[in-house]
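Student: Sequence and computational prediction follow.
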Amino acid sequence: MQVYKVGGAVRDRLLGLPVTDVDRVVVGATTEEMLAKGFRPVGADFPVFLHPKTGEEYALARTERKSGRGYGGFTFYASPEVTLEEDLIRRDLTINAMAEDDQLNLTDPYHGQRDLEARILRHVSPAFAEDPLRVLRVARFAARYAGLGFTVADETMDLMRQLSESGELQALTAERSWKEISRALLEDHPQVFIQVLRDCGALKELMPEVDALFGVPQPETHHPEIDTGLHTLSVLEQSALHKQPLTVRWACLLHDLGKGLTPEEEWPRHIAHEHTGLKLIKAVNERFKVPKDCQELALLVGQYHTHGHRALELKASTLLELLQSFDIYRRPQRFEEFIAACEMDARGRKGLEQRSYPQADYLRGAAKAARAVAVQPLLEQGFKGPELGEALKRERLKALKAYKEAATA
């Protein structure tokens, strides 16, 4: 019985990066032997055990064979006869198919270390094309390691194109897809994830609404980059540079979907794209069963981001409607995330990345002014029920008019 560290723990140590997750594979052992040593079984599909003292995961070496469609369409075989090399060959990329023992002796049958040094993401074997989830995983690794200069090998990109064209991506569950998408969006270069998916044809299959933005022009006076798809990538890039949370990054990705529906004869203008895009944002949210907080912010940003950009021009009544739409009194953080998404949108324009965004502080000040209106005096005047709501609205409108006058004087 031999135990090896495998996958990301080996890869990141060799790259000089912090090692966060440690996966271990056990060669030459049976389930009975693991149980006899006090390991606790947790794997439903294949033998995975928790160490009796540390709680860390140990998996028996196994092989796998394609038996159906999608990520789950595999049968696994674990046995003491399965070698380390046989276990490693079923993995996705050569840089993830290395192992080391406790003395840091490296086992690298598929030249992962060489690809690490060459900054190449390359598949281990032709079996790569049997698992559609690997398209998303490779794109995610491209986003993670783009800052180190990693690119996808041409032959691996070819296999990713084959998978995209095969229809296998449609067999992925919403949960598995969202797990990869959400992790990728939180990487340092999430725009690379979207670009790699587009390059291999997967974006058209998974998010045709986003893919449709590429090649759609915008007015050059507002968008020097012109292309809506390139603008979306830039907005996503800015969201990562400014360390925005997942909710904001998801909203940044979807905020301009309505522009993909604009008839060509109306280009480069996109009248009412904020409203036409809502049904597309809903469709993407539902397709991947996106968490509620991400869904809600994406819809609100899609609908109101141009309000954010024109904040200083809005009438006090429109400003109040905007604040009410976000329920700023009970959910102040959501409005703060909206402001962040608007700022990323403004910065995601060629040559304008460093331009200030005074609308952010103006909107924060407006929210503060509206929140400062006290309810108690109105209660003391005898207002209650619907009348109280109307009185509160009048007072908030009065406060916003005073704020606007002072702020824009």
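Tutor: Structure received. As the structure is a computational prediction, the values presented were derived from the model and not from experiment.
Student: Next one: Asp285 relative to Cys294, how far apart?
Tutor: Not quite, residue 285 is Asn, not Asp. From Asn285 across to Cys294, the span is 8 Å (Cβ to Cβ, to the nearest Å). C-betas here are computed from N, CA, C, even on glycine.
Student: more neighbours, these two?
Tutor: Cys294 (22 against 19; other Cβ atoms under 10 Å).
Student: Am I right that that one is in contact with Cys252?
Tutor: No. Counting by Cβ atoms under 8 Å, Cys252 is not a contact partner of Cys294; they are 11.2 Å apart.
Student: Phi and psi next, for the closest residue to Arg347 other than its chain neighbours.
Tutor: Spatial nearest neighbour of Arg347, chain neighbours left out: Gln238 (4.5 Å); criterion: Cβ to Cβ, 6 or more residues apart in numbering. Here is the backbone geometry of Gln238 (degrees, to the nearest 10): phi -60, psi -40.
Student: same check, this time on Pro41
Tutor: Main-chain torsions, Pro41, degrees, to the nearest 10: phi -70, psi 140.
Student: show me the contacts for it.
Tutor: Taking Cβ atoms under 8 Å, 6 or more residues apart in numbering as the contact definition, Pro41 lies against 31, 34-35, 47-49.
Student: And it, how close does it get to Tyr4?
Tutor: For Pro41, the distance to Tyr4 (Cβ to Cβ) stands at 20 Å.
Student: do the same with Ala272
Tutor: Ala272 is 58 Å from Tyr4, by Cβ to Cβ.
Student: Then Ala370?
Tutor: Distance, Ala370 to Tyr4, using Cβ to Cβ: 60 Å.
Student: now Thr276
Tutor: To Tyr4, Thr276 is 54 Å away according to Cβ to Cβ.
Student: that older thread, tabulate the contacts of Pro41 (JSON lines), appending pLDDT, distance to Ala139 and neighbour count.
Tutor: Shown next, in JSON lines, are the contacts of Pro41 (pLDDT from 0 to 100; distance: Cβ to Cβ, whole Å; neighbours: other Cβ atoms under 10 Å):
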{"residue": "Thr31", "pLDDT": "89", "distance to Ala139": "35", "neighbour count": "15"}
{"residue": "Met34", "pLDDT": "92", "distance to Ala139": "35", "neighbour count": "20"}
{"residue": "Leu35", "pLDDT": "92", "distance to Ala139": "39", "neighbour count": "13"}
{"residue": "Pro47", "pLDDT": "85", "distance to Ala139": "30", "neighbour count": "22"}
{"residue": "Val48", "pLDDT": "91", "distance to Ala139": "26", "neighbour count": "21"}
{"residue": "Phe49", "pLDDT": "92", "distance to Ala139": "31", "neighbour count": "23"}
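Student: ok, the residues you listed vs Lys404, which is closest?
Tutor: Of all the contacts of Pro41, the one with the least separation from Lys404 (Cβ to Cβ) is Val48, at 60.2 Å.
Student: Spatially nearest residue to the closest one (excluding sequence neighbours)?
Tutor: Ala59 (4.7 Å).
Student: dump the residue contacts of that neighbour.
Tutor: 23-26, 43, 46-49.
Student: any idea which element it lies in?
Tutor: Using DSSP states H and E, Ala59 sits within strand 57-60.
Student: what lines up beside that strand in the sheet?
Tutor: For strand 57-60, the paired strands and their directions (DSSP bridges) read strand 23-27 (parallel), strand 48-50 (antiparallel).
Student: Give me the distance between the first one and the centre of its chain.
Tutor: Pointing back at strand 23-27 there. Chain-centre distance of strand 23-27: 30 Å, with Cα atoms, centre = their mean, to the nearest Å.
Student: Identify whichever of the strands paired with strand 57-60 lies nearest to Phe150.
Tutor: Relative to Phe150, the nearest member of these by Cβ to Cβ is strand 23-27, separated by 20.5 Å.
Student: Let me see the residues that make contact with the closest one.
Tutor: Applying Cβ under 8 Å, 6+ apart, the contact partners of strand 23-27 are 1-9, 34, 56-61, 80, 82-84, 87, 99.
Student: need the next SSE after that strand, C-terminal direction.
Tutor: Next element after strand 23-27 (DSSP H and E): helix 31-36.
Student: what packs against that next one?
Tutor: With contacts taken as 3 or more Cβ pairs under 8 Å, 6 or more residues apart in numbering; DSSP states H and E, helix 31-36 sits against strand 40-41, strand 57-60.
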